[in-house]
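In: Here is a sequence together with a model predicted from it:
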Amino acid sequence: MSTVQLIIKGISYSQAQNGAYALILEEESGERKLPIVIGAFEAQSIAVALEEDLKPPRPLTHDLFKNTLNRFDISLDYVLIHKLKEGVFYASLICQKDGKEEIIDARTSDAVALAARFGAPIQTYSQILDQAGITFSSLDMNVKKTAPSDLESMKNSTQSTQSNFGSYSEKQLHAALKKAVTDEDYEKAAALRDELERRNLS
């Protein structure tokens, strides 16, 4: 059965389920996207892994799991989303230990969070993408590479949050960003980062 390589397109707030998010995976050599509903904690964990500038001072759960695998010389070769049943995606971690392949069952959100940390490929079977993939470009309007607080801003609009930092100097923004990361306040950190990016673009 042929597989398709996927990349993380971004995370969007789910309009269908309150408090949930849609992880958007996109086929690497195509236009189809695979939206997967995930929880807020998993969405934040994935966003943290994707955002190079926001490193938590203490390991999150997925960081701890990655560190544990590394300590015992277990590598993550790739993530395979292998089944879709009644709207639920099933995934496995395809690992290597002492030259032997080990398959570990995982929730898709956890598997993607680990793939983002390991830089491991994400794959699915072509029939799953045929079944659940979407192509309408309007999805792109609400999806972007997410930092942790982009998740909350999708729910509540970033305008009021960003306006709170409008009077900050660039030096103050950088200092506040550093403190927010240290305090593990990722929502504030990403809003500060967005304000810095907005000024750099203007």
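Out: Perfect, I can see it now.

In: Now do stretch 84-98: everything it contacts.
Out: For stretch 84-98, the external contacting residues (Cβ atoms under 8 Å, 6 or more residues apart in numbering) are 36, 69, 72-83, 101-108, 110-112, 114, 128, 131-132. Where C-beta positions appear, they are placed from N, C-alpha and C, glycine not excepted.

In: Separate out the buried members of the residues you listed.
Out: Under a neighbour-count criterion of 16 or more other Cβ atoms under 10 Å, the subset of the contacts of stretch 84-98 counted as buried comprises 36, 69, 74, 76, 78-82, 106, 108, 110-112, 114, 128, 132.

In: just to revisit the earlier point, can you flag which of the contacts of stretch 84-98 belong to strands?
Out: If you go by DSSP state E, the contacts of stretch 84-98 have 36, 74-83, 101-107 in strands.

In: Residue 174 sits in which helix or strand?
Out: Counting by DSSP states H and E, the element that carries residue 174 is helix 170-182.

In: How about that helix, which residues are buried there?
Out: Counting neighbours by 16+ other Cβ under 10 Å, helix 170-182 gives 173, 176-177, 180-181 as buried.

In: Could you work out the most separated pair of these?
Out: Largest separation among the buried residues of helix 170-182 by Cβ to Cβ: 173 and 181, giving 12.7 Å.

In: okay, now the domains of this protein?
Out: Taking automatic domain parsing as the domain assignment, the ranges for the chain are 3-145, 157-202.

In: Many thanks, I have nothing further to ask.
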